[in-house]
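[1] here is the input, now give the coordinates:
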Amino acid sequence: GISGSGAAHVAVEFVVQMAVGLAVGVVGGRLLLVFMRRVPLPGGGLYPLRTLASAFLLYGAATVAHGSGFLAVFIAGITVGDARAPFKREIERFHDALSSLGEIVAFIALGLTVDLGTEARTDVWVPGVVIALALMVLIRPLLVGLSLAPVRLRRNERAFILFAGLKGAVPILLAGYLLTAHVPAARRLYGIVVVVVLFSVVVQGGLVGTFARLVHLPMEVVPPEPWALGVRLRDRPSGVYRLQVGEDAPVAGHTVAELPGLPEGAWITLLVRDGRLLAVRGSTRLEPGDDVTVLAAADDGEQLSAAFGQDGG
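    Predicted coordinates for the structure are as follows:
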């Protein structure tokens, strides 16, 4: 067992890593955002590479400072992801592709390192299934439920979030450290993690649709939208709002010529319905779910959000 002093040392080390990682992520993310906005690069293809290099730099800085590099990069990504920056769409696409590639590589590594003989042992698959069930019905609902306590959600939405917690590439990568660190019984522990991951992805993931129907949560298949429409601007735009018409929005059911609650001078420039671009005329009637782009004054965000039934603009 672990002695009291050993447990205290582990707890202190954990707190220090989380605190340092959080600090590096917040500060580094804000500095990166300033860097992205104020330092231009000669080509658009270099902007995603700059964020990738910055992620490596933040990871290394947090690690050298005895913090969590993973947390630092995660927090910095959230900071940058919520802000406007040059070539933002290209940066998002690049890192989305890298994320998908990383998952593919992780699962290929899983397939190459799994020993079916080890997985068939009862001291591997039985603990794996027990841990996976505990995570699904007890641990995740408890911890996620506590974090969601202040969030206003309907009962069925809350139940769905508590249930649909998939685990995949990250546990596999972390378990791989057991094999490289020569931990006693590393192969057995790695096999248990594999069982947990497979159970989560196959069983829990396969029941997501069924559980959504049980709690009467509507789900729909979103078709791919390979075509994009956009313009390039030299300066950062202001007064451009992308909004979606809410179910109970004041503008829902009204034509463009008679929209109530819009600021003076506001103009709808683009209207997308069911993945199709529609011509905007005075007789065009807005429907719930429509995505619109509105040109207005820079301080009209709150009024537009109220008109379209949203919390923020």
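
[2] show me the residue at the heart of the chain, geometrically.
    For the chain, the residue sitting closest to the mean C-alpha position, by C-alpha atoms, centre = their mean, is Ile78 at 8.6 Å.

[3] distance of it from Leu33?
    Counting by C-beta to C-beta, to the nearest Å, the gap from Ile78 to Leu33 is 11 Å. Yep, even glycine has a C-beta here, placed from its N, CA and C like the rest.

[4] same check, this time on Ser200
    Ser200 sits 34 Å away from Leu33, going by C-beta to C-beta.

[5] try Tyr241
    Remark: distance between Tyr241 and Leu33 (C-beta to C-beta) = 21 Å.

[6] cool, Leu98 as well?
    In this structure, Leu98 and Leu33 are 20 Å apart, going by C-beta to C-beta.

[7] do the same with Ser68
    Following C-beta to C-beta, the distance that separates Ser68 from Leu33 is 21 Å.

[8] neighbour-wise, which of these two wins?
    Comparing Ser68 with Leu33 by neighbour count (other C-beta atoms under 10 Å), the higher total belongs to Ser68, at 23 against 17.

[9] skipping its backbone neighbours, what lies nearest Gly128 in space?
    The shortest distance from Gly128 to any non-neighbouring residue, by C-beta to C-beta, 6 or more residues apart in numbering, is to Val195 (2.6 Å).

[10] name the next helix or strand following the helix or strand that neighbour falls within along the chain.
    In the assignment (DSSP states H and E), Val195 maps to helix 186-198. Scanning the chain past helix 186-198 towards its C-terminal end, the next helix or strand to appear is helix 205-206 (assignment: DSSP H and E).

[11] kindly state the beta-bridge partners for Arg276.
    Applying DSSP bridges to Arg276 yields these beta-bridge partners: Arg273.

[12] where does the closest residue in space to Gly239 that isn't next to it in sequence land in three-state SS?
    Of all residues beyond its chain neighbours, the one nearest Gly239 is Ala298 (4.7 Å), with distances taken as C-beta to C-beta, 6+ apart. For Ala298, the secondary structure call by DSSP: H, G, I helix; E, B strand; the rest coil comes out as coil.

[13] so Ala298 sits against Pro237, correct?
    No: with the criterion set as C-beta atoms under 8 Å, Ala298 and Pro237 do not qualify as a contacting pair; they are 9.7 Å apart.

[14] how about His95, what does it touch?
    Taking C-beta atoms under 8 Å, 6 or more residues apart in numbering as the criterion, His95 is in contact with 48, 51-52.

[15] would you mind listing the buried residues in the one helix or strand it maps to?
    For His95, the element it lies in under DSSP H and E is helix 88-113. The neighbour-count criterion (16 or more other C-beta atoms under 10 Å) identifies 91, 94-95, 106, 110 as the buried residues of helix 88-113.

[16] which secondary structure element is home to Leu178?
    Leu178 is located in helix 169-180, with elements delineated by DSSP H and E.

[17] dump that helix to PDB, restricted to CA.
    Included here for helix 169-180 are C-alpha records, laid out as PDB according to Å, rounded to 0.1, in the frame of the first residue of the first chain:
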ATOM      1  CA  ALA A 169      -7.400   7.800 -27.800                       C
ATOM      2  CA  VAL A 170      -6.300   9.500 -24.600                       C
ATOM      3  CA  PRO A 171      -6.600   6.500 -22.300                       C
ATOM      4  CA  ILE A 172      -4.700   4.400 -24.900                       C
ATOM      5  CA  LEU A 173      -1.800   6.900 -25.100                       C
ATOM      6  CA  LEU A 174      -1.600   7.200 -21.300                       C
ATOM      7  CA  ALA A 175      -1.700   3.400 -20.900                       C
ATOM      8  CA  GLY A 176       1.200   3.200 -23.400                       C
ATOM      9  CA  TYR A 177       3.400   4.800 -20.800                       C
ATOM     10  CA  LEU A 178       3.000   1.700 -18.700                       C
ATOM     11  CA  LEU A 179       4.600  -0.400 -21.300                       C
ATOM     12  CA  THR A 180       7.500   2.000 -21.900                       C
END
